[in-house]
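Visitor: Have a look at this prediction, sequence included:
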Amino acid sequence: MLNGYQILGGSMSGVATDNLASSCGKGTFRTLAGWKLFLQGKDNANFIKEKSLFIIDEASMVDVDDLEVFATKLSEVGGKLILIGD
């Protein structure tokens, strides 16, 4: 948590996700494929909340359909999405 925000993030690759996690220092980080699987879990559908800040690193490498999944989920709950290029 940072100023009340739940920090979440990821990237297409594990290495980029690990680098993002190291840079941020706090938060929950997974590959984007890992996030998609996690959020499909029965008990995890409401993990992303209004005070969620989701960072996607190497965003230019992400498929538009995958971006839509995260943008839609965050929009539905009032969370924030930050896209970082490579």
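Guide: Yes, it's here. Residues are numbered from 1 along each chain as shown.

Visitor: so who does Arg30 touch?
Guide: The neighbours of Arg30, taking CB atoms under 8 Å, 6 or more residues apart in numbering as the test, are 10, 17, 38. Every C-beta, even on glycine, is put in place using the N, C-alpha and C of the backbone.

Visitor: Let me see the ranges of the strands in the chain.
Guide: 6-11, 28-31, 52-56, 80-83 (DSSP state E).

Visitor: In the protein, what residue spans correspond to helices?
Guide: Along the chain, the segments classed as helices by DSSP state H run 14-24, 32-40, 64-77.

Visitor: re earlier: export the strands of the chain as JSON lines, with columns for mean pLDDT and distance to Val69.
Guide: JSON lines is the format used below for those (pLDDT from 0 to 100; distance: least, CB to CB, whole Å):
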{"stretch": "strand 6-11", "mean pLDDT": "96", "distance to Val69": "12"}
{"stretch": "strand 28-31", "mean pLDDT": "96", "distance to Val69": "13"}
{"stretch": "strand 52-56", "mean pLDDT": "96", "distance to Val69": "11"}
{"stretch": "strand 80-83", "mean pLDDT": "97", "distance to Val69": "11"}
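
Visitor: give me the low-pLDDT residue ranges for the chain?
Guide: 86 (pLDDT under 70).

Visitor: Surely Gly78 touches Glu50?
Guide: Yes - counting by CB atoms under 8 Å, Gly78 does reach Glu50; the two are 4.2 Å apart.

Visitor: quick revisit: so which of the strands of the chain gets nearest Thr72?
Guide: strand 80-83 (10.0 Å; CB to CB).

Visitor: That closest one pairs with which strands?
Guide: Next to strand 80-83 in the sheet, as set by DSSP bridges, lie strand 52-56 (parallel).
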